[in-house]
Each structure stands twice: as C-alpha cells, then as structure tokens.
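**Student:** Can you look at this prediction? I've put the sequence above it.
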Amino acid sequence: MNFRHLKYFVATAESGQVSRAATALSISQSAITTAIRDLETELGADLFLRSAQGMEMTDAGREFLASAQDILARLDEAKNLTQRRSTAEGVISIAATYTVIGYFLPYHLDRLAHLYPGIEIRLSELNRESIEEGLLSNRFDMAVVLTSNLTNPEIETETLLKSTRRLWVPANHPFHRAGKASFAEIAEQDYIMLTVDEAAHTTMKYWSGTNYQPKVKLRTASVEAVRSMVANGQGVTILSDMVYRPWSLEGKRIGTAATTHDIPSMDVGLAYRHGTDITGPLALVHDYFRESFVEPQNYFQNQRP
C-alpha cells in the first residue's frame with residue numbers, strides 16, 4: 001500500500017465513478033481500477049460495490065475512507081506547513097448545529113488551529129433558527145450547518161459535502177444480506193426516528209414521496225440511542241453516512257443497505273448573511289473549507305503521479 005493507492009481510492013470514493021476520478025487525476029481508468037483492486041486484495045475486503053451507476057462504497061470502504069482521508073490530509077499539511085502556517089491574527093465567531101459539531105467540525109478545527117495559530121475561533125452550538133437569527137444580527141460571522149435545512153433568502157450558503165443517506169439495520173438482517181430494500185419492506189419494520197437537527201421533519205418529507213409511512217417505535221434526539229436500538233434488533237432507521245459508525249456502544253455491528261427509492265443527501269456547508277464582507281481571518285477560514293471540499297480536484301491534480 002502506498003500514497004498513490006490512497007489518492008486513487010479517495011478520488012473514486014468522493015466522485016462515485018472511476019471515470020470522474022481518472023479525469024480529476026489526469027490518469028487512465030485502468031490505473032485506478034488496478035490500484036483499488038490491489039488495495040482490496042491487501043485489506044482482504046471489498047471497498048466498493050460496482051454497478052452501472054458507479055462505485056458505491058461498502059461498509060468496509062466507508063471505514064477505510066476516513067483513515068485514507070486523514071493520512072492524505074496530514075501528508076498535505078506536513079508538506080505545506082512551513083509556507084502555509086500563517087501569522088494572521090484575529091477572532092471570528094462561528095455557530096454550528098449539533099450534528100455538525102459532533103461529526104464534522106472537530107477534525108477541521110484541529111487543522112485550522114495548526115495552520116492559523118493566531119486566529120481564535122469562538123464556537124457556539126445552536127439550533128438552525130437561532131443560528132439564522134445570529135447571522136442576520138451579526139452575532140456570528142459564519143456558520144457551519146446542514147445547508148439542506150436552510151431556506152432563508154437573506155442567508156447565503158455554500159455546500160461542502162453531500163452525505164448519502166442509507167438504511168441502517170442489524171448486521172444479520174435480511175436487508176443487509178440483500179444489499180437493498182424497498183420502502184414497502186421498510187414500512188413493515190419498527191422504525192427508530194432521530195429528531196435532532198430537524199431529522200424527523202426531513203425523514204417524513206422524503207417518506208411523503210412514497211405510498212408508505214414509517215412504523216415509528218421510538219423518537220429520540222440521541223444518535224447513540226438510535227445506533228444501539230438498531231444494533232440490538234429493535235428497529236431500523238435511515239441516516240447519513242456522515243453519522244454512520246459500524247459499531248454500537250455495546251460492541252454490536254450495524255450494517256447498511258441501499259433503498260430502491262431515491263433519498264436526498266444530507267448537505268453540510270457554510271452559511272453567512274447576504275453581503276458579508278469575507279476578508280481577513282474570516283477569509284482564511286472560508287478559503288480553507290473551499291480548498292478542502294469545493295475544489296477537491298485541485299488537491300488531486302497538484303499531486304499527480
């Protein structure tokens with residue numbers, strides 16, 4: 001295993017197709033497929049499910065993706081540390097929702113602290129309505145939120161990440177073995193409904209596009225409670241890859257399956273008041289996120305073999 005294997009794997013995972021990854025890296029498709037096959041052989045696990053629609057990550061693939069991204073990010077940081085470490089100073093106020101703080105921001109806050117030690121980020125956890133009010137009243141310079149939940153025309157958004165939603169089931173569940181399930185089949189199962197960050201509202205919104213309703217057994221604001229209930233066979237749920245972990249707190253495994261009906265992704269990104277002057281320390285933080293997510297092809301093209 002080498003860094004080239006990791007770059008090819010991450011590019012494929014993020015684009016969802018070998019052809020797109022090959023274009024971004026300016027290499028042949030065969031080079032990518034060979035690298036992924038070598039990785040799968042070395043790891044002893046399939047990282048992708050191949051289909052006519054593209055490359056869909058397996059449970060093992062999603063676990064490996066986090067490690068591969070971390071390795072590449074830290075390599076990039078080490079290579080550029082001396083020229084990128086900034087002497088900029090200042091204070092910026094950032095608001096974020098529960099899901100973003102718990103499953104997205106900590107890693108990036110650590111990187112920003114290393115890159116910009118003179119910038120103090122004051123972080124607040126609030127719900128969407130409070131964040132919108134804070135942005136419009138200039139209490140916050142910027143927010144990192146679920147942009148798929150924002151509709152206020154006075155607030156500008158930039159989506160950084162689209163996290164696919166999948167069905168979560170116990171590892172030995174028939175849906176896990178089949179790899180997919182219809183909403184008709186899911187509706188026959190007990191359903192564990194997450195409520196935090198308007199998850200229940202979003203869930204009912206996409207269920208309304210079917211002829212079925214979830215058979216809700218429990219409503220909870222705790223992701224860990226959902227994870228434990230599913231792992232222990234008390235129900236199923238549909239949540240995003242960003243909050244997915246393969247194990248419950250009790251050490252029981254959770255599997256995933258696709259759905260036959262399209263489900264909107266959970267989108268994470270930046271939000272700020274329309275007309276905000278993005279300069280100084282705020283611009284550095286804003287550009288960090290853009291470089292990390294909005295312009296990922298530049299990262300790979302700068303590291304061609």
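**Tutor:** Sure thing, it's come through.
**Student:** what's the helix or strand for Ile94?
**Tutor:** Under the criterion of DSSP states H and E, Ile94 resides in strand 90-96.
**Student:** Also Glu14?
**Tutor:** For Glu14, the element it lies in under DSSP H and E is helix 3-15.
**Student:** how far is that helix from where the chain is centred?
**Tutor:** Here the centre of helix 3-15 is set off from its chain's centre by 16 Å, with CA atoms, centre = their mean, to the nearest Å.
**Student:** buried ones in it?
**Tutor:** Within helix 3-15, the residues scored as buried using 16 or more other CB atoms under 10 Å are Arg4, His5, Leu6, Lys7, Tyr8, Phe9, Val10, Ala11, Thr12, Ala13, Glu14, Ser15. Glycine gets a C-beta too; all of them are placed from N, C-alpha and C.
**Student:** List the contacts of the residue of the chain most remote from its centre.
**Tutor:** For the chain, the largest distance from the centre (CA atoms, centre = their mean) belongs to Thr87, which lies 30.5 Å off. By CB atoms under 8 Å, 6 or more residues apart in numbering, the contact set of Thr87 is Gly118.
**Student:** and it, what pLDDT?
**Tutor:** You'll see Thr87 listed with a pLDDT of 79.
**Student:** the domain parsing of this structure - what is it?
**Tutor:** Here the domain assignment for the chain is 3-81, 90-162+266-302, 165-259, based on the TED database.
**Student:** same question for the first one, mean pLDDT?
**Tutor:** Here domain 3-81 scores 83 as its mean pLDDT.
**Student:** now stretch 166-183
**Tutor:** 92.
**Student:** What are the contacting residues of it?
**Tutor:** For stretch 166-183, contacts defined as CB under 8 Å, 6+ apart pick out 49, 185-186, 207, 210-212, 226-227, 230-233, 236-241, 244, 252-261.
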